[in-house]
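[1] Return atomic coordinates for the entry below.
(2 chains)
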Amino acid sequence: MNTREASLEALLRQRDVEAFYYHEAELLDERRYEEWLDLLAEDIVYFMPLRRNVQYGSQDRAENTREGLDAAWFDEGKQTLTQRVRQIRTGIHWAEEPLSRVRHLITNVRISDTSPEDAGDREIEAKSNFLVYRNRIDDETDIFAGQRTDRLRHENGGWKVAKRVILLDQSTLLAKNLTFFF
Amino acid sequence: MGNGALWVDSDNGIISRDIFVSDAIYTEELKKVFGRAWLFVGHESQIPKPYDFFVSRMGAESVIMTRDKTGQIHVFLNTCRHRGMKVCRYDQGNTRVFTCPYHAWSFSVDGNLTSAPGGLAGVPQYKAIYHDELDKSQWGLIPVAKLCNYKGGVWATWDRNAPEFEAYLGGMKIYLDAVMDHRDGRPGGSEIIGGIQKWKVPSNWKFGAENFIGDLYHITSHRSVDMVSIGPSGAGRRDAPVVRREGGKRPPPFVSVGFPNHGHGLIGALPHYEEADYVPQFTLTPEVEQYYEHIYHARVANLGKQKRVLAAVGTIFPNLSFHGMQPRALFTWHPNGPREMEIWKWYLVDADAPAAVKDVLRRYYLRYAGPAGLTEQDDMENWNYATAASAGQEAGRYPYNYQMGLGYEQPAPDLDNAVYTTAVTEQNQRILYHRWAQYMSAPEGGSLHPDANANLGEILARRRT
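    Predicted structure coming up:
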């Protein structure tokens, strides 16, 4: 593959992943949660650490709580995510009844290869920034900014999220709850 | 101001909406309740080594909990004595000295202005511009008046006249033990899972405290999570339905237990002297189930015929609540203005439990509790809009009803100065607010010792049965 072909290849892949993210955001914003769950691998790790204020030099080891060990906002798999969707669908989950208005803005998509082109289960790492807006009832408004680091797996002609690490840019959570998805 | 009885008529179960929204009451409350009660600060397992620190809160103010080189724990206000800047803006860490970023006054972990040889630390240019005349011993960080490490939980008060912590706890002690002790019955032995969840909720702090002191009436709030079944055995939101064998040993039924002279309360089982039959609770995870069965037998052996209780949920006056069984946690409702609180949540596990057990518990705790917890999300929605509605000009003329079970309190057997009723009652909320009103009424220096309180006698005197 010459340079031009490689650039085109990268461009197409970039476009492909961005389209996947826009589609995912649309499903969430349109409350098509079951279709969103279909975009998640069965073995997905969905992790959002707590973030601390720590002394310069110790950020790498102490700023974020550790996956699989510490407290977190989320550290779960598909079963719990599915339960969250089922809970919203009961119509009596009062924190989401009536439903919030949520909008996902996904930007700054950066892709890096994590497995060779010819691997059976092709996986890439994709980072993106998010701005999630939530409004509910009358004047309740929350804005969440942060970064997602995803491992995307190519399965049956489409992408699945195999891992999502969500870094919310807040230490003390400035919202009463997290009843929606990132 | 200064008369709690204006807002709280606990004899008749009538409480003003003002206590949840009034700026004036809030200001008074910071001084009279949070300035005098014992408050939970943190857990010793958060500062295991010398020079470790953890920044916490007491009421609306930031405090630093430290461990000095001798292992002693200290708690100070997080503010420089010179011009007020926070001397520590980290959540936790390890340091020999807290240096104020403003003018570099520096304090050691025991709170004193440092006085290193050469005079560089402590107060910069001490000799040149303070002319050696400042008495550094008088300008250290402001320590709490009293501090108690009770089974790993660190508690403190600003009131030097406060009763000692165990007197403050009163008969509630055995229930706090049930929260803090190892599941096999050994005293202490619990630790905090790393990371404290902290989040802001547009609710008065008292809605949290009163919910956890014993509101089993709000079952409808959580029906959606029961339908989804997040429990560790795959049913309901907590434990598996208990199937007991014919003629087996059962624990006493859950009731509401309150300590009217102290202001504490809980939902749990009254004292008993024998362990009920083992009930599997982690059937989805066999290795965890096996561990708990092992722990059960250890508990039977360790406790023998000793007195024991079960503590499901409870509140220690004013703002420390717990889940004593599942999902085991301590939490504080920090006041952030009348219409906002900051909730801090410490998740507890047995320190020596296998990693696999800690992991299953941690995952269960996180899906149940906190702002992302399937159960507790709905609580915060209720407290949010209850607070908002407490402020209405017209609505404010109509107080809240806390009359459930009024007059049906019984003396609690085998507990000091306690009453109980069936589990679903507002007995404990009345006790909480009665104590709150006493704190709000008592003048500075006035006796708030539980022994001087007659509320228990008053409650029993108006019994209907």
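[2] does the residue nearest to residue B:414 when sequence neighbours are not counted sit in a helix or strand, and which one?
    Spatial nearest neighbour of residue B:414, excluding adjacent residues (Cβ to Cβ, 6 or more residues apart in numbering or on different chains): residue B:271 at 4.3 Å. To be clear about C-beta, it is placed using only N, CA and C from the backbone, and glycine gets the same treatment. Taking DSSP states H and E as the criterion, residue B:271 maps to strand B:264-272.
[3] That strand: what's the following helix or strand?
    Following the chain from strand B:264-272 toward its C-terminal end, the next helix or strand by DSSP H and E is helix B:286-303.
[4] May I see the buried residues of that next one?
    B:288-289, B:291-292, B:295-296, B:299, B:302-303 (16 or more other Cβ atoms under 10 Å in any protein chain shown).
[5] Which strands or helices does that helix pack on?
    For helix B:286-303, the elements it packs on are helix B:355-368, judged by 3 or more Cβ pairs under 8 Å, 6 or more residues apart in numbering or on different chains; DSSP states H and E.
[6] Flag every buried residue along the helix it packs on.
    Within helix B:355-368, the residues that qualify as buried by neighbour count (16+ other Cβ under 10 Å) are B:357-368.
[7] So in chain A, which strand runs the longest?
    Taking DSSP state E as the assignment, the strand of chain A that covers the most residues is strand A:140-155.
[8] Show me what it pairs with in its sheet, parallel or antiparallel.
    Here the strand partners of strand A:140-155, with direction, are listed using DSSP bridges: strand A:123-136 (antiparallel), strand A:158-168 (antiparallel).
[9] Mean pLDDT and mean neighbour count added to the ones you listed, as TSV?
    Output for the strands paired with strand A:140-155, formatted as TSV (pLDDT from 0 to 100; neighbours: other Cβ atoms under 10 Å in any protein chain shown):
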stretch	mean pLDDT	mean neighbour count
strand A:123-136	97	18
strand A:158-168	97	20
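[10] Okay, now the unreliable bits of the chain?
    I went with chain A, as the question did not name one. When residues are selected by pLDDT under 70, those of chain A lie in A:114-121.
[11] other chain: chain B
    Applying pLDDT under 70 to chain B picks out residues B:1-2, B:116-121, B:239-245, B:465.
[12] Residue numbers of the stretch 101-250 of chain B in contact with chain A?
    Within the stretch 101-250 of chain B, the positions near chain A by Cβ under 8 Å from any Cβ of the partner chain are B:193-203, B:221, B:223-225, B:227-230.
[13] Let's see which of these end up in helices.
    Applying DSSP state H to these, the entries found in helices are B:223-225, B:227-228.
[14] how about those in a markdown table, adding neighbour count?
    Converted to a markdown table, those look like this (neighbours: other Cβ atoms under 10 Å in any protein chain shown):
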| residue | neighbour count |
| --- | --- |
| B:223 | 15 |
| B:224 | 25 |
| B:225 | 27 |
| B:227 | 16 |
| B:228 | 24 |
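[15] Looking at those residues, which is nearest residue B:160?
    Closest approach to residue B:160 among those (Cβ to Cβ): residue B:225, at 44.9 Å.
[16] Does the closest one touch residue A:87 like I think?
    Yes: contact criterion Cβ atoms under 8 Å: residue B:225 and residue A:87 qualify, at 6.2 Å.
[17] sorry, back to before: do I have it right that the residue nearest to residue B:414 meets residue B:310?
    No: judged on Cβ under 8 Å, residue B:271 makes no contact with residue B:310 at a distance of 9.8 Å.
[18] State the helix or strand in which the residue of chain B most remote from its centre lies.
    Ranking residues of chain B by C-alpha distance from their mean position (Cα atoms, centre = their mean) puts residue B:128 at the top, at 47.7 Å. Assignment of secondary structure by DSSP H and E places residue B:128 within helix B:126-129.
[19] immediately after that helix, which helix or strand?
    Next in sequence after helix B:126-129, counting helices and strands by DSSP H and E, comes strand B:146-150.
[20] Spatially nearest residue to residue B:81 (excluding sequence neighbours)?
    With sequence-adjacent residues excluded and distances taken as Cβ to Cβ, 6+ apart, residue B:81 is closest to residue B:139, at 4.6 Å.
[21] For that neighbour, give me phi and psi.
    Dihedral angles phi and psi of residue B:139 (degrees, to the nearest 10) take the values phi -130, psi 30.
[22] show me the residues around it that make contact.
    Contact partners of residue B:139, counting by Cβ atoms under 8 Å, 6 or more residues apart in numbering or on different chains, are B:81-82, B:105, B:113.
[23] any chance of those residues in JSON lines, plus distance to residue B:237 and secondary structure?
    Written out in JSON lines, the entries for the contacts of residue B:139 read as follows (distance: Cβ to Cβ, whole Å; DSSP: H, G, I helix; E, B strand; the rest coil):
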{"residue": "B:81", "distance to residue B:237": "48", "secondary structure": "coil"}
{"residue": "B:82", "distance to residue B:237": "51", "secondary structure": "coil"}
{"residue": "B:105", "distance to residue B:237": "50", "secondary structure": "coil"}
{"residue": "B:113", "distance to residue B:237": "51", "secondary structure": "strand"}
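[24] now, which of those sits nearest chain A?
    For chain A, the nearest member of those is residue B:105. The distance, counting by Cβ to the nearest Cβ, is 18.5 Å.
[25] so who does that closest one touch?
    Contacts of residue B:105 were listed using Cβ under 8 Å, 6+ apart, and they are B:80-82, B:87, B:99, B:113, B:122-124, B:139.
[26] rerun at 6 Å
    Residue B:105 makes contact with B:80, B:82, B:123 under the criterion Cβ atoms under 6 Å, 6 or more residues apart in numbering or on different chains.
[27] now the second one, nearest residue through space, not along the chain?
    Just to be clear, that refers to residue B:82. Once its chain neighbours are removed from consideration, residue B:82 has its nearest residue in residue B:105; the separation is 4.9 Å (Cβ to Cβ, 6+ apart).
[28] Quick check on the residues of the stretch 101-250 of chain B next to chain A: which are buried?
    For these, a neighbour count by 16+ other Cβ under 10 Å gives the buried set as B:193-203, B:221, B:224-225, B:227-228, B:230.
[29] where's the residue nearest to residue B:395 when sequence neighbours are not counted, which helix or strand?
    For residue B:395, ignoring the flanking residues on the chain, the nearest one in space by Cβ to Cβ, 6+ apart is residue B:389 at 5.9 Å. Taking DSSP H and E as the criterion, residue B:389 maps to helix B:376-390.
[30] Tell me what angle that helix forms with strand A:123-136.
    Orientation note: helix B:376-390 sits at an angle of 20 degrees relative to strand A:123-136 (axes from the mean of the first three to the mean of the last three Cα atoms, to 10 degrees).
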